[in-house]
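Q: Mind folding the following:
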Amino acid sequence: MGRGTRVQRALQDLLELRSAAREATSAGQRERIERVALRRREELDESVPKARAAEALGVSVTALDRWIARGALPVVRRPGSSREEIEADALLDLAEEVSRLREAGRTRGLLAAAFERLDEARKPLPELRPNQSARELRQNYLRTTPADRLREVAELSRFQTDLALRGVAARQRQEPGT
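A: Predicted structure coming up:
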């Protein structure tokens with residue numbers, strides 16, 4: 001099985017699992033579904049080729065490129081390649097929202113409506129990657145407001161504090177008598 005087929009199946013499975021988790025009636029069911037989704041997500045690469053992403057969304061690659069050019073959808077480059085691919089988590093968020101809109105009967109303007117809903121939920125947040133050029137970093141900076149940047153710094157600070165606390169706890173478990 002090639003990468004394209006593997007990616008396509010993983011995307012379909014993850015979208016179905018997310019839908020099942022939303023519809024689950026108990027917290028236990030939801031947790032089991034989310035555990036399976038997490039394992040399945042680990043099988044998916046960090047990025048998805050544009051053609052597979054467009055297929056998952058039900059749009060053309062050209063339409064997808066327009067949203068990328070607007071900065072609405074984060075892209076990454078695979079090591080050793082100049083081709084842009086769609087960040088997998090951002091694609092999953094977008095595809096899930098498109099699926100919800102289709103279930104609600106919407107047929108036109110799906111991506112615009114999905115991006116609008118995701119924007120309200122502060123998704124998809126682009127991840128800073130070491131292979132981003134200075135130009136890409138600057139464009140990301142210019143697309144955000146001071147409030148967005150402050151929120152991101154607060155999240156990073158909270159994350160760093162959590163990591164530090166976990167490190168201390170791990171060292172205490174490893175060092176007997178502490």
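
Q: How far off centre is the lowest-mean-pLDDT helix or strand in the chain?
A: Ranking every helix and strand in the chain by mean pLDDT, DSSP states H and E puts helix 134-143 at the bottom, with a mean of 74. Its chain's average C-alpha position is 19 Å from that of helix 134-143, according to Cα atoms, centre = their mean, to the nearest Å.

Q: OK, contacts around residue 72?
A: residue 115 (Cβ atoms under 8 Å, 6 or more residues apart in numbering). In this view, the C-beta of every residue, glycine as well, is placed from N, C-alpha and C.

Q: So, low pLDDT: which residues of this protein?
A: For the chain, the stretches with pLDDT under 70 are 1, 124-134, 176-178.

Q: Next secondary structure after the least confident helix or strand of the chain?
A: Remark: after helix 134-143, the chain's next helix or strand is helix 146-174, criterion DSSP states H and E.

Q: who does the least confident helix or strand of the chain touch, helix- and strand-wise?
A: Judged by 3 or more Cβ pairs under 8 Å, 6 or more residues apart in numbering; DSSP states H and E, helix 134-143 is in contact with no other helix or strand.

Q: Export that helix to CSV, keeping only CA atoms.
A: Taking C-alpha atoms only, helix 134-143 is exported to CSV below (Å, rounded to 0.1, in the frame of the first residue of the first chain):
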residue,chain,number,x,y,z
ALA,A,134,12.2,34.0,7.9
ARG,A,135,9.7,35.2,5.2
GLU,A,136,7.1,32.7,6.4
LEU,A,137,7.7,33.5,10.0
ARG,A,138,7.3,37.3,9.2
GLN,A,139,4.1,36.7,7.3
ASN,A,140,2.7,34.7,10.2
TYR,A,141,3.6,37.5,12.5
LEU,A,142,1.9,40.1,10.3
ARG,A,143,-1.3,38.0,10.1
